[in-house]
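Trainee: coords below, sequence missing:
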Ligand code: KIV
């Protein structure tokens, strides 16, 4: 019998079917009010990076609340030596891929699109144009790096209805200026500057703040001072409102040596989904990060 073009496939589509949406009971779409409720009841927020449809859907099915389409894709997907070479078009492509994957499984995750190097540095207007590209690709929020000079840009975007996640501490787009991937905010004056910038970003309307490679005591103090802006730590200790890791790192498929703040959640698991679920469970029950191993 010859096959017809409209024959209905009997066992899934080719090239990988997406996982069904999370079996967790009563999961509602993640939103800013829901994140605030989680924070209020002391529940840690979980975030992972994802750059394509399938991994985003798997992360959602594993219970991850926030998916960051990070410009770390420059390193883990494109093979670049830093995030500096990532373009806005690339971020648009990956954001749209992630969003399509999530939509296909009626997923609930909150999607953050990372504004790449050079796409928001020139002016507030340039930042708005770039942020619009990622929002129109389906992101719920954009992320940008830096404090002080970014404050007015954050205010400008938030006033125009674009939720913003800021990023302080080790800001990878400025790795050359920082002299490498080093801990930031060490010492009284550096810690004070970080705290001041964090408060300014909250006052400007940022509703999330990634703190990367910041001493645990400093990020815990910042978290207490930011009731309206949820701190998400990566190498910043357990005192933040939530945690984020780069997916490839936590799955143990990083080509180089993992940084100290990473735990390989694939160990002892038989699937990517279970590894991600183990990450969610460990963040929620406070066993990850362990400040004696993963923090400064
Ligand atoms: O680009 C990225 O993945 C990030 C995380 C490291 C927070 O900014």
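Mentor: All right, it came through fine. Computed from a predicted structure; not experimentally measured. Residues are numbered from 1 along each chain as shown.
Trainee: use CA for all of it now, contacts and neighbours both
Mentor: Will do.
Trainee: can you confirm residue 38 is in a helix?
Mentor: Yes. Assessed with DSSP: H, G, I helix; E, B strand; the rest coil, residue 38 lies in a helix.
Trainee: for the remainder of this discussion, apply numbering that starts at 842.
Mentor: Got it, first residue is 842 now, which makes that one residue 879.
Trainee: any residue of the helix or strand harbouring residue 934 touching the ligand?
Mentor: Here residue 934, judged by DSSP states H and E, is contained in helix 929-945. No. Counting by Cα under 6 Å from any ligand atom, the ligand has no neighbours in helix 929-945; the shortest distance is 10.5 Å.
Trainee: now that helix: buried residues?
Mentor: Applying a neighbour-count criterion of 16 or more other Cα atoms under 10 Å, one finds 929, 932-933, 935-944 buried in helix 929-945.
Trainee: following that helix, which helix or strand comes up?
Mentor: strand 951-955.
Trainee: so what strands line up beside that next one?
Mentor: With DSSP bridges as the test, strand 951-955 is paired with strand 907-910 (parallel), strand 982-986 (parallel).
Trainee: write down the beta-bridge partners of the residue nearest the centre of the chain, one by one.
Mentor: In the chain, the centroid-proximal residue (Cα atoms, centre = their mean) is residue 909; its distance is 3.2 Å. Per DSSP bridges, the residues bridged to residue 909 are residue 890, residue 953.
Trainee: residue contacts, it?
Mentor: 888, 889, 890, 891, 952, 953, 954, 955 (Cα atoms under 8 Å, 6 or more residues apart in numbering).
Trainee: picking up where we left off before, the ligand is nearest to which of the strands paired with strand 951-955?
Mentor: The closest of the strands paired with strand 951-955 to the ligand is strand 907-910. By Cα to the nearest ligand atom, the value is 6.7 Å.
Trainee: near the ligand, which residues of the stretch 992-1137 of the chain show up?
Mentor: So far as Cα under 6 Å from any ligand atom goes, the stretch 992-1137 of the chain lies against the ligand at residue 1087.
Trainee: SS state for the nearest residue to residue 1092 once chain neighbours are set aside?
Mentor: Excluding the flanking residues, the one nearest residue 1092 by Cα to Cα, 6 or more residues apart in numbering is residue 1107, at 5.2 Å. At residue 1107, secondary structure determined by three-state DSSP is coil.
Trainee: any idea how far the ligand is from residue 1107?
Mentor: Distance of residue 1107 to the ligand, given as Cα to the nearest ligand atom, to the nearest Å: 19 Å.
Trainee: that residue against residue 1116, yeah?
Mentor: Yes. The criterion here is Cα atoms under 8 Å, and residue 1107 meets it with residue 1116 at 5.0 Å.
Trainee: which neighbours do the two share?
Mentor: Jointly contacting residue 1107 and residue 1116 under the rule Cα under 8 Å, 6+ apart are residue 1092.
Trainee: now do the contacts for residue 1010.
Mentor: Applying Cα under 8 Å, 6+ apart to residue 1010 gives the contacts 1024, 1025, 1026, 1035, 1052, 1053, 1054, 1055.
Trainee: take the residues you listed and keep only those in strands.
Mentor: Judged by DSSP state E, the contacts of residue 1010 include 1052, 1053 as members of strands.
Trainee: who are the contact partners of the closest residue to the ligand within the stretch 892-1041 of the chain?
Mentor: Nearest residue of the stretch 892-1041 of the chain to the ligand, counting by Cα to the nearest ligand atom: residue 911, 3.3 Å away. By Cα under 8 Å, 6+ apart, residue 911 lies in contact with 890, 891, 892, 953, 954, 955.
Trainee: before we move on, what about residue 1088?
Mentor: By Cα under 8 Å, 6+ apart, the contact set of residue 1088 is 889, 890, 891.
Trainee: report the secondary structure state of residue 1042.
Mentor: Here residue 1042 is helix, with the state taken from three-state DSSP.
Trainee: next one: residue 1007
Mentor: On the three-state scheme (three-state DSSP), residue 1007 is labelled strand.
Trainee: now it: closest residue in space that isn't a chain neighbour?
Mentor: Using Cα to Cα, 6+ apart and skipping the chain neighbours, the partner closest in space to residue 1007 is residue 1050 (4.6 Å).
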